[in-house]
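[1] Pasting the sequence and the predicted coordinates here, then a few questions.
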Amino acid sequence: MATKESSGDPMEKLVALCKRRGFIFQGSEIYGGLAGTWDYGPLGALLNENIKKYWRHTFLDTREDTYLLDASIMMHPQVWKASGHTEGFTDPLVEDKVTHKRYRADHLLEEQGVDVHDLSLEEMGKKMAELKMKSPEGNPLTEPKIFNLLVEAGIGAVEGAKEKVYLRGEITQGVQVNFKNVVDAFHPKLPFGIAQIGKAFRNEIVPGNFLFRVREFEQMELQYYITPEIEEGGRQYEYWKGVSMHWYQGLGISAERLRFRQHEAHERAHYAKDAWDIEYHTPFGWKEAWGIHHRGDWDLARHQEHSGVPMTYTTDSGEKILPWIIETSGGLGRALLFTMLDAYHEDEIGGEKRVVLRFKPSIAPIKVAVFPLLKNKPELVAKARSVYEALKKEIPETLWDDNGNIGKRYRRQDEIGTPFCITVDFDTLENNSVTVRERDSGAQERVALAELSFYVQEKIRHS
Ligand code: ATP
């Protein structure tokens, strides 16, 4: 059976495969690249869509108590003041170059007995270099910077009179500022949730590890509104932790590479009453994949205070309350990266070495590839085309491939994780059956054309 691969850096191999096979490209590559940005190629974009569809299925489509929202990326600067993001990120920060944890430069210096009063940013940097200071974990540090994670943009037509706005640093606030709108339009009973998928932007000091830490990324979030009574001492929080972990495993990721980790009090974001991460065991250690946070009434209370607009919910008994929020939130890029890392295997099949992405069929970007056994036999090609066209109507992620010999086509499809390859041969012309080859085992089965679509769809459904 297959083993996880041996020699070579698994991340480098994955990055190379992603480029070679059209999953992911460096952002603005022809101009030397723009750090912290990646572009999704045809297969990466399909994989992204499948992960989003699966997320929607769990958090929206199969529930009665959640609503979809799609808020603007550009938001009023006051939003970020109220949410605590503008204040929270204007400290002189240094970042551990290995763990990417950030520290207050002034605090680290004070711990070394340095009087930081009146020290400029440059002076702090000089002092840290003089003292050869390392992070608390013993790793090198970046230069100190006055740091605001929010990405700024200017809007307005007149140069010089542009208004500064922030691209959203998290998608959450788009939901919180619309809480009242959703309540007034739909009168949902508590508990209920608002789900959103969308882009967020962060001026990460050190982007890196491929899709793991980037400056532009997509988040998938559910904000679930409850009351202390509904929470009943943590019942809802535990429930959403369970749903989130189940969802992550459902990407096809092995359970032993996923775990929960509770944030220590000092790690928690300014809004969090409690916070747990789902972590994935990457080649660079256990890393955050997803967060389940108890936000309390922080967001609604702050927006009420800053906007002057009541954010209260009126209960059946006429009481006006600020609900609590449990959020389950994760990055799409990280989900895609971890799905790919987990699916990546190198093994041997029929005495030949191969790279194979063992995607769960329901997640795989391409589900089926159809080949004519030989490219130079018009009757075979015509038959294969008709099989392909019929199948593509039922399963849009069907691919035509007639390049090279069958062995090469299998290798190519294995490398992009196509679960099923269908070959049209001379017997097909006689008896209307085709060979279906399964990616992981290489097992081949003869299937009647009349049953082909059903056969493949059932396999995908039960994967
Ligand atoms: P980290 O500690 O890794 O910076 P975070 O705790 O700041 O992440 P959250 O604010 O909780 O992250 O964001 C929710 C999710 O968004 C994370 O679990 C992660 O999947 C994703 N995410 C956050 N920052 C990035 C980033 N720079 N690049 C890619 N995904 C990110």
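    In hand now; what should we look at? Numbering: from 1, shown residues only.

[2] List the contacts of the residue in the stretch 251-400 of the chain positioned nearest to the ligand.
    For the stretch 251-400 of the chain and the ligand, the shortest gap (CB to the nearest ligand atom) falls at Gly331, measuring 2.8 Å. The C-beta positions use only the backbone N, C-alpha and C, and glycine is treated the same way. Contacts for Gly331 were tallied using CB atoms under 8 Å, 6 or more residues apart in numbering; they are 217-220, 289-290.

[3] Looking at those residues, which is nearest Phe371?
    For these, the minimum distance to Phe371 (CB to CB) is 34.2 Å, reached by Glu218.

[4] who touches stretch 131-150?
    Counting by CB under 8 Å, 6+ apart, 80, 85-86, 89-99, 101-103, 105, 108-109, 112, 114, 121, 124-125, 128, 166-167, 169, 201-206 sit against stretch 131-150.

[5] returning to that earlier point: quick check: bridge partners of the residue of the stretch 251-400 of the chain closest to the ligand?
    According to DSSP bridges, the partner residues bridging Gly331 are Gln219.

[6] Can you check the pLDDT for it?
    We note a pLDDT of 98 for Gly331 in this prediction.

[7] Could you do Ser6 as well?
    Residue-level confidence at Ser6 comes out at 53, pLDDT.

[8] Intersect the contacts of Gly331 with the contacts of the ligand.
    Near the ligand, taking CB under 6 Å from any ligand atom as the test, the members of these found are 217, 219, 289-290.

[9] gap between the residue of the stretch 251-400 of the chain closest to the ligand and Tyr344?
    In this view, Gly331 and Tyr344 are 19 Å apart by CB to CB, to the nearest Å.

[10] just to revisit the earlier point, and the contacts of stretch 131-150, which are buried?
    By the neighbour-count criterion of 16 or more other CB atoms under 10 Å, the contacts of stretch 131-150 include these buried positions: 80, 85-86, 89, 91-96, 102-103, 105, 108-109, 114, 124-125, 128, 166-167, 169, 201-205.

[11] and Arg437, what does it touch?
    Arg437 makes contact with 410, 420-423, 443-444 under the criterion CB under 8 Å, 6+ apart.

[12] Which among the residues you listed count as buried?
    Buried, going by 16+ other CB under 10 Å: 410, 420-423, out of those.

[13] Nearest to the ligand among these?
    Taking CB to the nearest ligand atom as the measure, Phe420 is the one of these closest to the ligand, at 31.0 Å.

[14] Any idea what the closest residue to that closest one other than its chain neighbours is bridged to?
    Across the structure, with CB to CB, 6 or more residues apart in numbering as the measure, the residue nearest Phe420 apart from its sequence neighbours is Val368 (4.7 Å). As for beta bridges, Val368 partners with Thr398, Phe420 under DSSP bridges.

[15] pretty sure Val368 contacts Asp401?
    No. With contact defined as CB atoms under 8 Å, Val368 does not count as touching Asp401 (10.4 Å).

[16] As a check, name the ranges of all strands in the stretch 251-400 of the chain.
    Counting by DSSP state E, counting those that start in this stretch, one finds strands in the stretch 251-400 of the chain at the ranges 258-262, 274-282, 285-296, 313-314, 320-321, 324-331, 344-349, 352-357, 368-372, 398-400.

[17] which one's the longest helix in this protein?
    In the chain, assigned by DSSP state H, the helix with the most residues is helix 378-394.

[18] Dump the C-alpha coordinates for that one into CSV.
    These are the backbone C-alpha positions of helix 378-394, laid out as CSV (Å, rounded to 0.1, in the frame of the first residue of the first chain):
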residue,chain,number,x,y,z
PRO,A,378,-11.9,7.4,-36.0
GLU,A,379,-14.7,4.9,-35.0
LEU,A,380,-13.2,4.6,-31.4
VAL,A,381,-12.7,8.4,-31.1
ALA,A,382,-16.3,9.0,-32.3
LYS,A,383,-17.7,6.5,-29.8
ALA,A,384,-15.6,7.9,-27.0
ARG,A,385,-16.7,11.5,-27.8
SER,A,386,-20.3,10.4,-27.6
VAL,A,387,-19.6,8.8,-24.2
TYR,A,388,-17.8,11.9,-23.0
GLU,A,389,-20.5,14.3,-24.2
ALA,A,390,-23.3,12.3,-22.6
LEU,A,391,-21.4,12.0,-19.3
LYS,A,392,-20.5,15.7,-19.2
LYS,A,393,-24.2,16.6,-19.3
GLU,A,394,-24.7,14.6,-16.1
